[in-house]
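Novice: build me a structure from this.
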Amino acid sequence: MKLDNFDGSCTPVQAADWLSYVEDKMEAFEVLAQDRVRYGTQLLKGEAQIWWKGVKSAHTATHGPLFWAEFVRQFERRFYPATFLDKMKLNLNNYVQDKKTVAEYEIGFNQIVRFVPHVAHDETFAPWWSKL
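Specialist: Numbers count the residues shown, from 1 in each chain. Modelled structure (predicted):
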């Protein structure tokens, strides 16, 4: 299994793309849940690897081994800055179709909503989903 390394020197969108790519590959290769952190973190290099060693050390000392869901939570906290997430929420609130085709609108909407995940399960946003 050959996957791209991640050094953390990228945009939040690129970080999300990398994480999604790794999760897709682990699923495709049927990597067991208990092995995902060990395999996924082998792809971290440079600043990302330094960050991970600190997280792992702090967490393991107080809570024991980390599982993939916790890795993802920590990864998102580190590589999706609060200012970026606030911007995505604002973009979502102001997002309109304007001159976009339905396909273009949907692509843009999906790019935003993946950083505002509560929207996918929030009934108050049902009118938006019905337009897609």
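
Novice: spatially central residue in this structure, please.
Specialist: Closest residue to the average C-alpha location of the chain: Ala16 at 3.9 Å, with CA atoms, centre = their mean.

Novice: quick check: which element contains that one?
Specialist: helix 12-28 (DSSP states H and E).

Novice: ok now that helix, how far from the chain's centre?
Specialist: Distance of helix 12-28 from the chain centroid (CA atoms, centre = their mean, to the nearest Å) equals 7 Å.

Novice: show me what that helix is packed against.
Specialist: Secondary-structure packing of helix 12-28 (3 or more CB pairs under 8 Å, 6 or more residues apart in numbering; DSSP states H and E): helix 36-40, helix 68-79. Where you see a C-beta, it was placed from the backbone N, CA and C, and this is true even at glycine.

Novice: domains of this protein?
Specialist: Listed domain ranges for the chain are 12-79, 82-120 (source: the TED database).

Novice: span of the longest one from start to end?
Specialist: Meaning domain 12-79. 6 Å (CA to CA, to the nearest Å).

Novice: which residues touch the helix or strand hosting Gly54?
Specialist: Assigned by DSSP H and E, Gly54 falls within helix 46-63. Residues outside helix 46-63 that contact it (CB atoms under 8 Å, 6 or more residues apart in numbering) are 6-9, 41, 44, 66, 70, 74, 78-79.

Novice: try stretch 92-105
Specialist: 108-109, 112-113, 116, 119, 132.

Novice: what's the pLDDT at His59?
Specialist: The confidence metric pLDDT takes the value 88 at His59.

Novice: tell me, how many residues neighbour Tyr95?
Specialist: 17 (other CB atoms under 10 Å).

Novice: go ahead and confirm Arg36 touches Trp68.
Specialist: Yes. The criterion here is CB atoms under 8 Å, and Arg36 meets it with Trp68 at 4.1 Å.

Novice: and the helix holding Ala16, which residues are buried?
Specialist: Neighbour-count burial for helix 12-28 flags 12, 15-16, 18-19, 22, 25-26 (criterion: 16 or more other CB atoms under 10 Å).
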